[in-house]
Structure formats: C-alpha cells, structure tokens
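Q: Need the 3D shape of this:
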Amino acid sequence: MERFFMSELLFYRQPVALNRERHRNLKFSSSARFRFSREVNSVPVTGIEFFEASRDLPILFSRSESDQYSPLVLLSLRNNSHTLVDDEGNWSGNYVPAFIRRYPFAMTDNQTVCFDEHSEQFSEDTGEPLFSDEGENTKTLNNIIQFLHQFDGAFKRTREFCEQVQKAELFKPFNIQVLAGDNKPVRLEGLYTIDEARLLNVDQAQVMEWFKSGQLAWIYAHLHSLGALKQLSKRQALQNAEEEAETSTVN
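A: As a prediction, this is how the structure comes out:
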C-alpha cells in the first residue's frame, strides 16, 4: 500500500490514486471555499510558510510516538473545530495553510497523485478536464502536480530542519494556560517550541548553515508567531459569547 508523507490526511474521507484510464472523464472545479476544514483545530505547516502564517496563526511543534517533531499552525483553542471559515466556507484569516489549499489532492511518498473521491469538486459533467481525449495530462492537472511537488519538497526540507533542531536539543515543552478573552482558561499541552536561549549555544557552523539556507529566519518567524495566541484568545471569546447569546435566545 502506498504511504502519504503526512501521517494523517485529516479531512480526506475517500483518498484514491488518480488513474488516467479509470478517471479519463473526470473533471475538477477549483474552489476558494474551505468549509471541509472546520472540524480540525490545527494542520501541518512547512517552514517556508512560517513568515505568512506567523501574522495571525501560532506555529508550534508536535512530537510523534516515534520521537519526530513536526510544525503545525494552531487554528483554534477549541478541540476539533475552528472559526476561521464561515458557513459559506470563506476564510477570514490572513493566510490559508498549503495543507488546506492542496485539498482535495495529495501525493504519496512514491509521487502518486491521489484525490478525495468524496469531494464535491469532482464531476464528469462540469469543471476542467484532468485528462485529454488521448489520456494525456491537461494543463490543469500539470499545475496541480506542480503544486503537490512543491508542497512535498517543502515538507521534506522542513522534516530535515526539525531533525537538525532536535539534534541541537532546542525543542522545549510548551504547556501553558491561556485565557480565552472571557477569563475562561484553556490548557495547551503536548506541544513544543524552540528555545531561543539555547539557540545562543548552538555550534556556529550549524547556525551559519541555517542562516545561509534561510532556516534561521524560520526559527524567529516561529517565535514571533507565539504572539498570535492573543488573537486566537479573542476569537475564542467572541465565539463563546455568540454561542451563549444563541443559547439564551433559544431558551
């Protein structure tokens, strides 16, 4: 069985490999609606995205059972939901993570293109063809494949970066209690940040390597992003107030 780079596909319900014979007549309609992502509170993010994401999304790191660290953007202080998309699927934040933008497509570790058959963006009647009458890739499909290659390349570089940071022993637990703007505490546990103080003791050759590759800036973009927790706190408080108002109206 083919494996995906990401251990979880989150909102992909029926991922299948794209086949030029079986899916010869398949058409795809692009969309800027992201309602499908509403049932998660975080998604993976790559290092090259840190700059844009840090403007309004906290970037933290998770640790797998196999002791691998991976960056993620926190979309909400509530479990299994976020409010960055409205009922129409419009995104209200400044940056949409590439992990979300690539949906409903994905790529396995052997470069096989897959898609979510459950997505309403596919049809044999409307949309842009993925294959020509001769069975060749259309420009639409080639553009999708190019984006997937860029995403997976960025993911590989990010994974290597995390391995270097782990080797330098820079990760530290980030377990804090945040007030959701209405004095309701939210406990964040099981997450990690990069220790800026320990960074000063890292071997100069490693720091210079990170500087030349641009990855030193990733570290500071990550640290800068922690200030965005205040925005999430305010957003959570607003959501709580709206829900309390709706409950009061019903009662």
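Q: where in the stretch 101-250 of the chain is pLDDT low?
A: 179-184, 240-250 (pLDDT under 70).
Q: Quick one: the strands in it, in order.
A: Per DSSP state E, counting those that start in this stretch, the stretch 101-250 of the chain carries strands over the ranges 105-107, 113-116, 122-123, 128-129, 171-173, 176-179, 185-188, 192-194.
Q: what's the closest of these to Y220?
A: Taking C-beta to C-beta, strand 192-194 is the member of those nearest to Y220, at 9.2 Å. In short, each C-beta sits where N, CA and C put it, glycine included.
Q: Does anything pack onto the closest one? Which helices or strands?
A: Helices and strands touching strand 192-194, by 3 or more C-beta pairs under 8 Å, 6 or more residues apart in numbering; DSSP states H and E, are strand 59-63, strand 171-173, helix 215-225.
Q: mind checking how far the spatially closest residue to Q239 that is not a sequence neighbour is from P58?
A: Distances taken as C-beta to C-beta, 6 or more residues apart in numbering put T83 closest to Q239, at 5.3 Å, once the chain neighbours are dropped. From T83 across to P58, the span is 15 Å (C-beta to C-beta, to the nearest Å).
Q: Compare neighbour counts for those two and give me the winner.
A: Shown here are T83 and P58; by other C-beta atoms under 10 Å, P58 has more neighbours (27 against 17).
Q: That one touches L232, doesn't it?
A: Yes: assessed by C-beta atoms under 8 Å, P58 is found in contact with L232 at 6.6 Å.
Q: shared neighbours, the two?
A: L74 (C-beta atoms under 8 Å, 6 or more residues apart in numbering).
Q: What ranges does the protein have for its helices?
A: 50-53, 98-101, 139-167, 196-199, 204-213, 215-225, 229-250 (DSSP state H).
Q: will you turn the helices and strands packed on strand 192-194 into JSON lines that also has distance to L199 and mean neighbour count?
A: As requested, those are arranged in JSON lines below (distance: least, C-beta to C-beta, whole Å; neighbours: other C-beta atoms under 10 Å):
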{"stretch": "strand 59-63", "distance to L199": "15", "mean neighbour count": "19"}
{"stretch": "strand 171-173", "distance to L199": "11", "mean neighbour count": "14"}
{"stretch": "helix 215-225", "distance to L199": "7", "mean neighbour count": "19"}
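Q: need the ones you listed in a markdown table with distance to G190, can you?
A: What follows is those, written out as a markdown table (distance: least, C-beta to C-beta, whole Å):
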| stretch | distance to G190 |
| --- | --- |
| strand 59-63 | 7 |
| strand 171-173 | 8 |
| helix 215-225 | 17 |
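Q: just so I know, which of those lies nearest L191?
A: strand 59-63 (4.4 Å).
Q: who touches that closest one?
A: With C-beta under 8 Å, 6+ apart, strand 59-63 has contacts from 45, 50, 53, 69-74, 162, 171, 174, 190-194, 221-222, 225-226.
Q: So G47 versus R63, what's the distance?
A: With C-beta to C-beta as the criterion, G47 and R63 are 17 Å apart.
Q: circling back: tell me which of the helices of the chain sits nearest to V186.
A: V186 lies closest, by C-beta to C-beta, to one member of these: helix 229-250, at 7.1 Å.
Q: Any buried residues in stretch 95-107, and which?
A: 95-100, 102-107 (16 or more other C-beta atoms under 10 Å).
Q: Pull the most distant pair out of those.
A: So, the buried residues of stretch 95-107 by C-beta to C-beta: farthest apart are Y95 and M107, at 21.8 Å.
Q: just checking, K27 touches T126?
A: Yes: counting by C-beta under 8 Å, K27 touches T126, with 6.2 Å between them.
Q: Let me know how buried D195 is, in neighbour terms.
A: 16.
Q: what sits against the nearest residue to it once chain neighbours are set aside?
A: The shortest distance from D195 to any non-neighbouring residue, by C-beta to C-beta, 6+ apart, is to K172 (4.5 Å). Contacts for K172 (C-beta under 8 Å, 6+ apart) come out as 192-195, 198.
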